[in-house]
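# Provided below for reference: sequence and predicted model.
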Amino acid sequence: MRLLILGGTEFVGRAVAESALARGWDVTVFNRGRHAPPAGVRALRGDRTAPDGLAALADGAWDVVVDTWSAAPRVVQDSARQLADRVGRYAYVSSGSVYAWAPPAGFDESAPLNDGAADAEQTEYAQDKRGGELAVLESFGADRSLLVRAGLIIGPYENIGRLPWWLGRIARGGPVLAPGPRELPLQFIDVRDLAEWTLDAAAAELSGPYNVLAPPGHTTTGALLDACVQVTGSGAELRWTAPEVIVEAGVEPWTQLPIWVPPHTDMHGALHSADVSKVLAAGLRCRPAEETVRDTWEWLQSIGGVAPQRPDRPQVGLAPETEEKILGTS
């Protein structure tokens, strides 16, 4: 298979590139050259936001293109138009954010969608991702478009900071604010499982939207944090705290305490309970959460313990003084 990745050097794009190389595929990556591409790919340079920024893609043909763009939909539109006659299938890594907020617990791919425009400049993340989907459909049609609606993505190369923050915090040891309840179910996708399924789906010529996540309850908050304690070997003490206490203290779920949102809320239903029966039937395989935690920790250690941070995403994590105040350890 001849694969073109628009991006290909960070997080999802890099995982896709490494998965494709392991299969023996012919891989081309197109990006601005700010990060080194994986060894073994053909690298093309260009800035998709600049005039004539797609010049390096003027020639060539590929079986599939994978695009992870998450800003102005117009950029996806330009790329899709240029590649429509020379690429067999367009796999766009979209997001569960395309669903109108808040999708009900158990929502599937037929849930109502946000408005978006294929030719829009950058607005809000949810609308931009929907606009990106529309841009792909505009040039490739429903039969050649694969819309990978991912939810929470974690794993090696993460540049958002969610699991790396928990690993870093727990590695420091001491009393750790653990947001309850322990048995709260979580739903996410390991970036490598996302990459593998996307390539499998493209090779099988699948089309249409898929919620690409592990099943709801793939793990729990308790199991995830216990795994962090185990892999870091820090001896941190998890102090389980009722969600009501955390919310009353003004802590922002999802951002200040990454991954976690309070139970029995619209937010938890939207972020941790998507119906994934369609993607499971289409062959998605999900590794254990403990493996995701272990491999992410090993990757962090290999790069000096500090995860890269996307400049267009906010910092996550709870300030030490806030944690100490809630726990009464200040």
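Perfect, thanks for sending it. Numbers count the residues shown, from 1 in each chain.
# how is the protein divided into domains?
The chain breaks down by automatic domain parsing into domains covering 2-150, 159-186+216-273+288-327.
# first-to-last residue distance for the last one?
I take that to be domain 159-186+216-273+288-327. Start-to-end span of domain 159-186+216-273+288-327 (Cα to Cα, to the nearest Å) is 29 Å.
# also stretch 103-113?
End to end - Cα to Cα - stretch 103-113 spans 9 Å.
# picking up where we left off before, residue 204: which of the domains of the chain is closest?
Residue 204 sits nearest to domain 2-150 of all those, at 9.8 Å, using Cβ to Cβ. Using the backbone N, CA and C atoms, a C-beta is placed for each residue, glycine as well.
# quick check: mean pLDDT of that closest one?
Averaging pLDDT along domain 2-150 yields 97.
# what about it, how long is it end to end?
Terminal-residue distance, domain 2-150 (Cα to Cα): 24 Å.
# that one: how far from the chain's middle?
The chain centre lies 13 Å from the centre of domain 2-150; the measure is Cα atoms, centre = their mean, to the nearest Å.
# the helix or strand containing residue 5 pairs with which strands, parallel or anti?
Per DSSP states H and E, residue 5 falls inside strand 2-6. Here strand 2-6 has these sheet partners by DSSP bridges: strand 26-31 (parallel), strand 62-67 (parallel).
# residues in contact with it?
Strand 2-6 is touched from outside by 13, 16-17, 20, 25-31, 41, 48, 57, 60-69, 79, 83, 87, 199, with contacts defined as Cβ atoms under 8 Å, 6 or more residues apart in numbering.
# what about 6 Å?
With Cβ atoms under 6 Å, 6 or more residues apart in numbering as the test, strand 2-6 has contacts from 13, 16-17, 20, 25-30, 62-67.
# show me which positions of stretch 9-23 end up buried.
9-21 (16 or more other Cβ atoms under 10 Å).
# repeat that for stretch 220-234.
Buried residues in stretch 220-234 (16+ other Cβ under 10 Å): 220-229, 231-232, 234.
# now the angle from the top helix by length along the chain to strand 62-67?
Using DSSP state H, we find that the single longest helix of the chain is helix 125-140. Orientation check (axes from the mean of the first three to the mean of the last three Cα atoms, to 10 degrees): helix 125-140 against strand 62-67 gives 160 degrees.
# same for helix 125-140, what does it pack against?
helix 73-83, strand 87-95, strand 145-150 (3 or more Cβ pairs under 6 Å, 6 or more residues apart in numbering; DSSP states H and E).
# helices and strands around the longest one, which ones?
Counting contacts by 3+ Cβ pairs under 6 Å, 6+ apart, helix 73-83 is packed against helix 125-140.
# how big is the angle separating the helix it packs on from helix 73-83?
Using the same axes, to 10 degrees: helix 125-140 against helix 73-83 is 20 degrees.
# between helix 125-140 and strand 145-150, how many degrees?
Computed by the same axes, to 10 degrees, the angle separating helix 125-140 from strand 145-150 equals 160 degrees.
# so residue 94 sits against residue 129, correct?
Yes: contact criterion Cβ atoms under 6 Å: residue 94 and residue 129 qualify, at 5.1 Å.
# which one's more surrounded, those two?
Shown here are residue 94 and residue 129; by other Cβ atoms under 10 Å, residue 129 has more neighbours (27 against 24).
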